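>>> Fold the following and give me the result.
(chains A and B)
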Amino acid sequence: MNRKKPFLARFSSWYLILILLFTYLPIGYLVLFSFNSGKMRTSFQGFSLRWYEKMFGDRTMLESIKYTIIVAVIATVVATVVGTITAIGLSKSKRLIRSIILETNNLPVMNPDIVTAIGMMLLFLTANVKQGLVTMILSHITFCTPYVILTIMPKLRQLDDNVAEAAMDLGATPFQALTKVILPQIYPAVFSGALIAFSMSFDDFVISFFTSGEGINNISMYVYSMKRYNLSVNALSTLIVVVVTIILILANLIPYIKGKKTQKEDI
Amino acid sequence: MNNHLNPKKLIALLLLVCLSVLPLSGLADGEVLNVYNWGEYIDMQVIYDFEKEFNVRVNYTNFSSNEELYTKLMSNVSYDIIIPSDYMIERLIRENMLQPIDKGIVTNLDQLTDGVKNLSFDPDNTYSVPYLWQTVGFVYDTTKIDPEIAEEKGWEIFRTPEYEGKVYMYDSERDAFMIALKALGYSANTESDEEIQAAYEWLREMDKTVHPAYVTDEVIDAMANGKKWLALVYSGDGAYILSENEDMGFCNPKEGTNIAVDSMVIPANAANPELANQFINYILAYENSVRISEEVGYASANAQALEELSSEDGAYAGNSAYVPRAGYEKDEMFHDNEIMRKQLSELWIKVKLHE
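Residues are numbered from 1 along each chain as shown, chains lettered A, B, ... in the order given. Reported below is the predicted structural model:
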């Protein structure tokens, strides 16, 4: 009687397939059309690399990529460092202070981007700061940091406080205790915090629009402003997908390879 | 002990990462010209050539609507050249946000084509120099709709029951109400409540009769692929559609239409007005006008360029959408009118909701 799979089990595998389709089909479609030899985004006319050529010949587009990367890298590095230190500090502070600061930290996360964006713009205007790359980077750091803190806090709660203290008892300086004892334990959370910060910064439109000055476009602003869509946007997106895939593969492979090495050394 | 990490090393490493991306920001020396234009609205080679000839660097960025441009201007940034549309220029002039053109430098002003001379918002080109211009019309599939019928029906073609489900309507209250007002014989800039109400009824009828798909720029691709029979488009996009799909025809309706001009202007707070004037003059020059208009498909403001591109050897030979109709007395330009804009916007939402 029980030979057939129960309905729920069948349903769940279909459900999974559907989710995967919805996630990956559009990306596949986008990648396919980046190789279209025609101008249309709906009918495929043959294989060519013309949109890649156009992309690398289009200085405005290349500059938008450059600005996106500059801002994302700096914002990620600063936000991760600031966020990690804040989180570690908070985990050691009094309960009341911790909850006050965490709630304040949640506010920008819950707030719609447009509020942050206009607030930032008004702040720069009032302070009479000339808007440009620097104001854009500052804003990105500001909205990325809360995400880093949020990702790291739960991991810190699992830590045993005594380990760091033991390290210091055994002669480690506080900084050594931080880098050699605490950081290695929370490393996965720091890494995912950094990844979230990077992708938040990378595809931000609203905050970048209101806080950047003249002559600065990031990728989102550039694509949004195109009067007539052309397929070099697909080419650009394809490159981004490839880069992200490589990063993810490396991020998963490196710990694995390292693990094997240490195993061998142990033997 | 190979991965020993001391504080100084860690900080140095982080600084190195930050510093290594900074040179990418390329703070070039020499003069810089900040140009803010619509996306995909130029031949970039013209910009590169300008940089070489004048030994400057052009920071070229894009916006997607006049309102977006206005927002950006409000946040205290300083552009040297911006290229808004007619009604927005009217507003910028009224708010003293522009500075006059130096006609001693912009000597190519005498090459303007008749269609963009004496424009109502700036008749003497005191503040603005036309860049590209166009009208609003409709593109139709000539294998499905007879050109004679199209010409004869004018805007009423959007209320033909036989075309139900075969129509794209451009999702913009200003353009939609323009065709309704024109079809009824009123001015597109009317402030009369009665006339606007009549136009609203006209559009409701249109919505009920043909059940159009309300679209924006995706109409360009769709019509180039011949997805539907009829679409409201700007003539510049019409020129592109016609060059991609030879079955398509373009019509400037007999009841009159809207003429839209995008002009180059210099904001009052421009950092480099002299170079900006030189840039305007350079863009307006015959050979550069040809290159820009050929790439974009919108009509050039330069008379000779317009003639060249639409002549028999030109890139837009035989393309009925490329050259906008000029001097037709029923055609008019939009004026900046905030109150009317809001009113139309509310009514337009009602039309789309089939209320």
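>>> Give me the most central residue, the chain.
No chain was given, so I picked chain A. With distances taken as C-alpha atoms, centre = their mean, A:Ser199 lies nearest the centre of chain A, 2.4 Å away.
>>> that's the other chain; I wanted chain B
B:Asp262 (6.0 Å).
>>> just to revisit the earlier point, next structured bit after the helix or strand harbouring the residue nearest to the centre of chain A?
In the assignment (DSSP states H and E), A:Ser199 maps to helix A:183-202. Remark: after helix A:183-202, the chain's next helix or strand is helix A:206-211, criterion DSSP H and E.
>>> Quickly check: that following helix near chain B or not.
Yes: using C-beta under 8 Å from any C-beta of the partner chain, helix A:206-211 reaches chain B at A:209-210. Using the backbone N, CA and C atoms, a C-beta is placed for each residue, glycine as well.
>>> same check, this time on stretch A:212-223
Yes: for stretch A:212-223, a contact with chain B is found by C-beta under 8 Å from any C-beta, at A:213-217, A:221-222.
>>> Among those, which one has the most neighbours?
Most neighbours among these, by other C-beta atoms under 10 Å in any protein chain shown: A:Asn217, with 27 neighbours.
>>> mind listing what A:Thr42 touches?
Listed by C-beta atoms under 8 Å, 6 or more residues apart in numbering or on different chains, the contact set of A:Thr42 reads B:221-222, B:225.
>>> any chance of these in CSV, with pLDDT, neighbour count and secondary structure too?
Shown next, in CSV, are the contacts of A:Thr42 (pLDDT from 0 to 100; neighbours: other C-beta atoms under 10 Å in any protein chain shown; DSSP: H, G, I helix; E, B strand; the rest coil):
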residue, pLDDT, neighbour count, secondary structure
B:Asp221, 85, 20, helix
B:Ala222, 90, 18, helix
B:Asn225, 88, 15, coil
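>>> Near chain A, list only the ones from those residues.
Among the contacts of A:Thr42, the ones lying near chain A by C-beta under 8 Å from any C-beta are B:221-222, B:225.
>>> Please enumerate the strands of the stretch 51-200 of chain B.
B:57-63, B:81-82, B:98-99, B:128-141, B:167-170 (DSSP state E, counting those that start in this stretch).
>>> okay, these in CSV with distance to chain A next?
Listed next are the strands of the stretch 51-200 of chain B as CSV, based on distance: least, C-beta to the nearest C-beta, whole Å:
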stretch, distance to chain A
strand B:57-63, 3
strand B:81-82, 10
strand B:98-99, 16
strand B:128-141, 11
strand B:167-170, 14
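>>> export those strands to TSV and tack on mean pLDDT?
Shown next, in TSV, are those (pLDDT from 0 to 100):
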stretch	mean pLDDT
strand B:57-63	91
strand B:81-82	96
strand B:98-99	96
strand B:128-141	95
strand B:167-170	94
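>>> would CSV of these with mean neighbour count and distance to A:Lys130 be doable?
CSV is the format used below for the strands of the stretch 51-200 of chain B (neighbours: other C-beta atoms under 10 Å in any protein chain shown; distance: least, C-beta to C-beta, whole Å):
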stretch, mean neighbour count, distance to A:Lys130
strand B:57-63, 22, 14
strand B:81-82, 27, 18
strand B:98-99, 19, 20
strand B:128-141, 26, 27
strand B:167-170, 23, 38
